[in-house]
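1. My questions are about this predicted structure, shown below with the sequence.
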Amino acid sequence: GKMRMLSRQALLLCLLASTQAFYLPGVAPRAFKDGEAVNLKVQTLVSTETPLQFDYYQLPFCSPKKVQDLPENLGEALVGEKAHTSAFLATTKKNEYCKTLCRKSYTPQQMEEFQDFAILDYRVNMRLDNLPIAEMHLFAYDDKPKDTIEIYNLGYPIGRKLEEPGSKTDQYVLNNHLRFQILYHPVESEDGGPETDGNYIVGFRVYPYSIKHTYRGKWNTTGGAYARLSTCVQPPSGRFTQHDPLIIDAQDGQEVVWTYDVEWVRSNVKWASRWDVYLQMNEIQDDKVHWFSIINSLVIVVFLSGIVGVIMTRILHKEIQRYNEVALSEEERQEMNRELREETGWKLVYGDVFRPPPHAAILSVYAGTGMQLFVMSILTLTFGAFGFLSPANRGALLSSILFFFVLMGVPAGYVSARFCKLVKEPNHFKTTLLTATVFPGACFAMFFILNMVVWAKQSSTAVPFGTLVVLMLLWFGVSLPLIFFGAYLGFKREVIEVPCITNPIPRQIPPYPWYLHIGCTTLVGGLLPFGCVFVEMLFILSSIWQHRFYYMFGFLFMVFLILVVTCAEITIVFTYLNLCAEDYRWWWRSFFTAGATAVYMFAYATYHFFARVHVQATIDLSSVCVYFGYMFIISYAMFVMTGYIGFISTFMFVKKIYGSIKVD
């Protein structure tokens with residue numbers, strides 16, 4: 001026993017140490033020798049004003065002779081995050097200033113395109129050694145002006161509005177000069193000897209400027225890049241002579257000289273903590289908010305658990321006492337009979353409570369898919385909480401969601417088969433096929449339509465045909481066979497045993513109070529679980545649509561567990577009330593009561609769209625489609641999953657309470 005205890009402790013220590021020390025699987029540090037060339041990669045143009053993102057080279061920026069596309073994983077392909085090589089050149093630990101990238105003459109249409117992107121506040125995303133580029137700002141709260149925090153903004157703006165007092169028209173300037181600041185940390189040698197091993201890159205910042213460059217004489221493409229620009233102080237040191245900003249001229253077109261600086265700054269940041277700066281932006285929104293929401297949700301859970309506990313103890317305790325009646329005095333018997341009349345509505349429907357509902361086959365299909373989504377969520381969140389899905393692993397989150405969903409075909413087929421057998425659905429093949437196609441089919445169809453919309457807009461979010469083929473292969477080549485295998489296992493098992501035999505003739509349902517109507521119970525049933533998750537949902541929405549990193553998987557996991565418990569308990573409470581009113585139609589009801597959470601989520605996403613997100617986009621039909629299309633897919637998945645949780649917990653509850661009574 002002692003050895004076992006020790007080995008357990010050792011394993012725990014290893015796990016803890018590994019969460020501290022291991023830095024993401026598949027991402028190893030790379031050291032750059034002094035004087036080695038580093039690759040600055042360009043990615044996408046994104047904006048918080050609209051959900052459409054574009055590829056860097058869709059605007060006429062300077063490009064190298066041959067642009068190479070860099071490989072991507074499935075998750076990146078689905079969100080359209082392509083990376084390409086760029087014309088920016090940098091050499092390790094060599095500071096260079098006022099380097100000319102290229103000089104281009106633009107037509108009025110091209111300048112107008114730059115202006116449109118500047119108006120919509122598009123930002124350019126770049127990467128260096130897998131670190132995203134960011135603009136740094138100092139931020140201070142109004143009440144503590146001295147305590148400044150460095151916060152960052154991903155990417156840099158293509159242009160900005162010129163704030164000139166007294167100008168009638170809005171003028172925009174183009175950011176044509178970039179100062180890259182690359183932070184490096186030397187590789188520390190073990191014995192404190194000379195640092196010859198190279199340098200780790202631990203930060204990638206940018207400071208954009210708008211400079212109307214002037215040059216002496218004719219533009220000569222063969223000579224050195226520095227001599228020509230009279231706007232740069234010679235020899236180049238990063239300072240400029242008096243200059244004007246480069247105002248975008250969309251009337252006549254113009255010539256633009258693109259330039260950049262590269263500065264190498266030694267930093268004390270270790271390689272393993274180089275992502276901290278990106279993840280700290282959530283510090284301003286503070287963990288307190290998350291804790292507050294979790295405590296708030298726990299209050300709801302405790303309240304509901306109390307109600308469920310009371311119901312269960314009353315039923316089980318009284319039943320056992322009453323049905324195994326021992327000698328009781330006359331008074332006690334009268335007292336019991338009075339109580340019996342009050343709360344035995346649910347016992348009168350024992351002969352109907354397991355009567356299969358209408359469209360029972362569809363219910364078993366959704367139960368299977370709900371199980372699939374439920375297990376997928378647990379696995380994804382567990383991986384996330386252990387740090388496998390950090391933002392440094394780009395596309396990992398989406399890839400793992402797909403991967404787990406496809407692999408969880410076996411439990412899906414199994415659950416749908418068990419219920420299919422219980423409700424005496426004769427056509428087993430059809431039920432299994434529907435389990436494999438209804439939910440993924442609806443999502444894929446929606447995704448395909450959205451893809452056509454963004455493709456028509458030439459947005460880089462459009463998924464290439466090859467990726468769609470990969471998705472189809474995953475669906476029909478992996479998920480479908482696994483669901484059939486799960487169903488085969490499920491149909492081999494005996495039928496689920498239920499404690500009551502169903503009467504041949506359905507019992508009539510007496511009139512019941514308005515608040516037990518399915519519309520009412522659904523509205524209230526969805527509200528409490530939604531109340532538990534809506535704070536976390538705000539963070540998730542802003543990370544999807546405002547391009548922030550989301551990494552709070554620990555919090556999300558807690559919130560998810562709270563959601564599961566709340567859905568189960570609220571459904572049980574309503575089912576009990578309905579059964580007491582002698583209404584035995586609990587099957588679909590339990591599914592919809594918990595599933596209504598998703599309706600509130602979609603409504604909240606709609607509010608988020610108009611209140612916070614895309615100001616310009618409300619007019620643009622395609623971005624409205626993209627936003628609501630993706631929110632629909634997410635809400636639909638939530639509906640099926642929460643509905644399943646409500647249904648399965650109610651099923652267990654009903655089985656338990658009817659199993660506790662003796663029926664003569």
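-> Sure, I can see it. Numbering: from 1, shown residues only.
2. hey, let's count contacts and neighbours off CA atoms from now on
-> Fine.
3. Check residue 133 and give its pLDDT.
-> pLDDT recorded at residue 133 is 92.
4. where does this structure have its least confident helix or strand?
-> When each helix and strand of the chain is scored by mean pLDDT, DSSP states H and E, helix 2-21 comes last, with a mean of 41.
5. Check which helices and strands the following helix or strand past that helix sits against.
-> Per DSSP states H and E, the first helix or strand lying C-terminal to helix 2-21 is strand 31-32. With contacts defined as 3 or more CA pairs under 8 Å, 6 or more residues apart in numbering; DSSP states H and E, strand 31-32 has these neighbours: strand 199-209.
6. Now do residue 134 against residue 208, distance only.
-> To residue 208, residue 134 is 11 Å away according to CA to CA, to the nearest Å.
7. Looking at those two, which one has more neighbours?
-> The neighbour comparison of residue 134 against residue 208 (other CA atoms under 10 Å) goes to residue 134, with 25 against 19.
8. so who does the more buried one touch?
-> Residues near residue 134 by CA atoms under 8 Å, 6 or more residues apart in numbering: 152-156, 204-206.
9. Quick check, residue 262 in contact with residue 92.
-> No - the criterion here is CA atoms under 8 Å, and residue 262 misses it with residue 92 at 9.7 Å.
10. Pick out whichever of those two has more residues nearby.
-> Counted by other CA under 10 Å, residue 262 and residue 92 do not tie: residue 262 has more neighbours, with 24 against 20.
11. pLDDT (mean, whole number) over the strand or helix carrying that one?
-> Element membership for residue 262 (DSSP H and E) is strand 254-266. The average pLDDT for strand 254-266 rounds to 91.
12. which residues do residue 134 and residue 208 both contact?
-> With contacts taken as CA under 8 Å, 6+ apart, the residues that reach both residue 134 and residue 208 are residue 156.
13. Identify the residues contacting residue 93.
-> By CA under 8 Å, 6+ apart, residue 93 lies in contact with 34-35, 263-264.
14. Swap in 7 Å and give it another go.
-> Residue 93 makes contacts with 34-35, 264, as judged by CA atoms under 7 Å, 6 or more residues apart in numbering.
15. Let's have the contacts of residue 134 in CSV, adding pLDDT.
-> Shown next, in CSV, are the contacts of residue 134 (pLDDT from 0 to 100):
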residue, pLDDT
152, 82
153, 85
154, 88
155, 92
156, 94
204, 92
205, 93
206, 93
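16. Reformat those as JSON lines; add distance to residue 376 and neighbour count.
-> Converted to JSON lines, these look like this (distance: CA to CA, whole Å; neighbours: other CA atoms under 10 Å):
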{"residue": "152", "distance to residue 376": "33", "neighbour count": "19"}
{"residue": "153", "distance to residue 376": "32", "neighbour count": "17"}
{"residue": "154", "distance to residue 376": "30", "neighbour count": "22"}
{"residue": "155", "distance to residue 376": "32", "neighbour count": "23"}
{"residue": "156", "distance to residue 376": "36", "neighbour count": "23"}
{"residue": "204", "distance to residue 376": "35", "neighbour count": "23"}
{"residue": "205", "distance to residue 376": "37", "neighbour count": "23"}
{"residue": "206", "distance to residue 376": "39", "neighbour count": "21"}
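17. who's in contact with stretch 59-72?
-> Identification of contacts with stretch 59-72 by CA under 7 Å, 6+ apart yields 83-87, 101-102.
18. buried ones in that stretch?
-> For stretch 59-72, burial by neighbour count (16 or more other CA atoms under 10 Å) applies to 62-63.
19. cool, and stretch 386-400?
-> For stretch 386-400, a neighbour-count test (16+ other CA under 10 Å) marks 386-400 as buried.
20. Next up, the contacts around the residue found closest to residue 102 once you drop the neighbours it is linked to in the chain.
-> Among residues not flanking residue 102 along the chain, residue 258 sits closest, at 5.5 Å (CA to CA, 6 or more residues apart in numbering). Counting by CA under 7 Å, 6+ apart, residue 258 touches 100-103, 176-177.
21. wait, which of the residues you listed is closest to residue 515?
-> residue 176 (64.3 Å; CA to CA).
22. Do I have it right that that closest one meets residue 207?
-> No - the pair residue 176 / residue 207 is not scored as a contact, 10.9 Å apart, by CA atoms under 7 Å.
23. Between those two, which is the more surrounded one?
-> residue 176 (22 against 17).
24. what's the closest non-adjacent residue to the more buried one?
-> Nearest residue to residue 176, sequence neighbours excluded (CA to CA, 6+ apart): residue 258, at 5.0 Å.
25. same deal with residue 558?
-> Using CA to CA, 6+ apart and skipping residues adjacent in sequence, the residue nearest residue 558 is residue 294, 7.7 Å away.
26. can you pull the contacts of the residue nearest to the spatial centre of the chain?
-> Central residue of the chain (CA atoms, centre = their mean): residue 540, 5.7 Å from the mean position. The neighbourhood of residue 540, defined by CA under 7 Å, 6+ apart, consists of residue 550.
27. now it: how far from residue 33?
-> Counting by CA to CA, the separation of residue 540 from residue 33 is 39 Å.
28. Low-confidence regions, the stretch 151-300 of the chain specifically.
-> The model of the stretch 151-300 of the chain has pLDDT under 70 over residues 166, 189-196, 217, 219-228, 280-286.
29. rewinding a little: if you count neighbours, what's buried in the helix or strand harbouring the residue nearest to residue 558?
-> Assigned by DSSP H and E, residue 294 falls within helix 287-323. Buried residues in helix 287-323, counted by 16+ other CA under 10 Å: 290, 293-294, 297-298, 300-301, 304-305, 308, 311-312, 315-316, 318-319.
30. Please name the residues that touch the nearest residue to residue 197 once chain neighbours are set aside.
-> In space, and not counting its chain neighbours, residue 197 is closest to residue 187: 5.8 Å by CA to CA, 6+ apart. Neighbouring residues of residue 187 by CA under 7 Å, 6+ apart: 195, 197-200.
31. What helices and strands are in contact with the longest helix along the chain?
-> Longest helix of the chain, by residue count under DSSP state H: helix 621-659. Helices and strands touching helix 621-659, by 3 or more CA pairs under 7 Å, 6 or more residues apart in numbering; DSSP states H and E, are helix 360-385, helix 428-456, helix 553-580, helix 587-611.
32. what do you get if the cut-off is 8 Å, keeping everything else the same?
-> helix 287-323, helix 360-385, helix 428-456, helix 553-580, helix 587-611.
33. For the second one, give the mean pLDDT please.
-> Put plainly, it is helix 360-385. The model assigns helix 360-385 a mean pLDDT of 95.
34. could you give the angle of that helix to helix 587-611?
-> Angle between the axes of helix 360-385 and helix 587-611 is 50 degrees (criterion: axes from the mean of the first three to the mean of the last three CA atoms, to 10 degrees).
35. got it, and the first one?
-> Interaxial angle, helix 287-323 versus helix 587-611 (the same axes, to 10 degrees): 160 degrees.
36. how big is the angle separating helix 287-323 from helix 553-580?
-> Going by the same axes, to 10 degrees, helix 287-323 is angled at 30 degrees with respect to helix 553-580.
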